[in-house]
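Enquirer: Pasting the sequence and the predicted model now:
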Amino acid sequence: MRLAVTVRVAPGTDPEAVRELAARAHRACYVANSLAVPVEVVTEVEVSPRG
């Protein structure tokens, strides 16, 4: 199963830090870890043009 998410952040936010937080959240996710099929989360980070 593949889950594609887009996270919109304020200017000045480190996109790599957002991706790492998303990866950590996925690894700790009770629901994802309880499923019988593997779950792949692909996180796209968009920097908002306005704050």
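Expert: Arrived safely.
Enquirer: and Val41, helix, strand or coil?
Expert: The three-state label given to Val41 by DSSP: H, G, I helix; E, B strand; the rest coil is strand.
Enquirer: Please enumerate the strands of the chain.
Expert: In the chain, the strands defined using DSSP state E lie at 2-9, 40-47.
Enquirer: among those strands, which is the most enclosed?
Expert: Of these, the one with the most neighbours on average (mean count of other C-beta atoms under 10 Å) is strand 40-47, at a mean of 14. Every residue, glycine included, has its C-beta placed from N, CA and C.
Enquirer: ok, back up a step: nearest to Asn33, of the strands of the chain?
Expert: Closest of the strands of the chain to Asn33 is strand 40-47, at 12.2 Å (criterion: C-beta to C-beta).
Enquirer: what's the spacing between the closest one and its chain's center?
Expert: Centroid separation between strand 40-47 and its chain, computed with C-alpha atoms, centre = their mean, to the nearest Å, is 5 Å.
Enquirer: Tell me the helices and strands packed up against that strand.
Expert: Strand 40-47 is packed against strand 2-9, helix 15-27, with contacts defined by 3 or more C-beta pairs under 8 Å, 6 or more residues apart in numbering; DSSP states H and E.
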